[in-house]
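build me a model:
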Amino acid sequence: MVERILEAGARVLAEHGYDGASTSRIATAAGISPGSLYQYFPHKDAIVLAVLERYSDQLVAGITARMTGQFEQPAPVIVRATLAALLDGLDVEQPFLRAAVVHGPQLDDGRALRIFEDRIGELVLAYLTTRRDELRPGLSLPTAAWMLVRTVEHLTVRYLLDRPPVQRDHFLQELSQLTLNYLRPTST
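Take a look at the predicted model:
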């Protein structure tokens, strides 16, 4: 029943966004009564948080799967593949994405977002650690991982919400170049 409610909650968020979601609408989408829904979730925000946490877990799993076993690939290959995985994972219906990035952090004081960023940051830090010799001298790896995760996340979300006249492949190319240039040693 919980899975059914979460799937319905995700569909309602995708169609109507946070403001258009209600427990009645979610219950209807799940094919249950509002009373039945309240046996599992006390209010709309609890459903939304559970939906967003599940989405975050799926996104991290997808990125982890894309990076696993790829650390030996040349940096441009793994960076682009990882960025593409993030872009693919975030490329959901705009009302859902807006609910995730705008309303989600308001519901739990940003806890779920920080957990997501920290989990991705751990992956990035692990990768950077394996490539330490190829990176800019003096680069603090924890700082670089923190900055990269938040910069890439912000640019990717803005790209998907704003829908600028930039082709997806061109966006990935530019974001990959930005990331690689940040990490590379400067030429003298």
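
tell me what the lowest-mean-pLDDT helix or strand in the chain is packed against?
When the helices and strands of the chain are scored by mean pLDDT, DSSP states H and E, helix 104-107 comes last with a mean of 86. Judged by 3 or more Cβ pairs under 8 Å, 6 or more residues apart in numbering; DSSP states H and E, the packing partners of helix 104-107 are helix 44-67, helix 111-130. Heads up, the C-betas are built off the backbone N, CA and C, glycines and all.

got a list of contacts for that helix?
Contacts with helix 104-107, where a contact means Cβ atoms under 8 Å, 6 or more residues apart in numbering, come from Asp45, Val48, Leu49, Leu52, Ala112, Leu113.

so can I have a markdown table of the helices and strands packed on helix 104-107 showing mean neighbour count, mean pLDDT and distance to Ile5?
Below are the helices and strands packed on helix 104-107 laid out as a markdown table (neighbours: other Cβ atoms under 10 Å; pLDDT from 0 to 100; distance: least, Cβ to Cβ, whole Å):
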| stretch | mean neighbour count | mean pLDDT | distance to Ile5 |
| --- | --- | --- | --- |
| helix 44-67 | 18 | 90 | 6 |
| helix 111-130 | 17 | 91 | 18 |
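
export the ones you listed to JSON lines and tack on distance to Leu155?
Below are these laid out as JSON lines (distance: least, Cβ to Cβ, whole Å):
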{"stretch": "helix 44-67", "distance to Leu155": "16"}
{"stretch": "helix 111-130", "distance to Leu155": "14"}
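
which stretch among the ones you listed comes nearest Glu15?
Ranking the helices and strands packed on helix 104-107 by proximity to Glu15 (Cβ to Cβ) places helix 44-67 first, at 12.9 Å.

the closest one - contacts with which helices or strands?
Packed against helix 44-67 by the contact rule (3+ Cβ pairs under 8 Å, 6+ apart) you find helix 2-20, helix 23-30, helix 75-90, helix 104-107, helix 111-130.

which stretches of this structure have low pLDDT?
Scanning the chain for pLDDT under 70 picks out 188.

residue contacts, Val2?
Tyr40, Ala50.

and what of the one 5 residues further on?
Residues near Glu7 by Cβ under 8 Å, 6+ apart: Ala30.

separation between it and Arg54?
Glu7 is 9 Å from Arg54, where distance means Cβ to Cβ, to the nearest Å.
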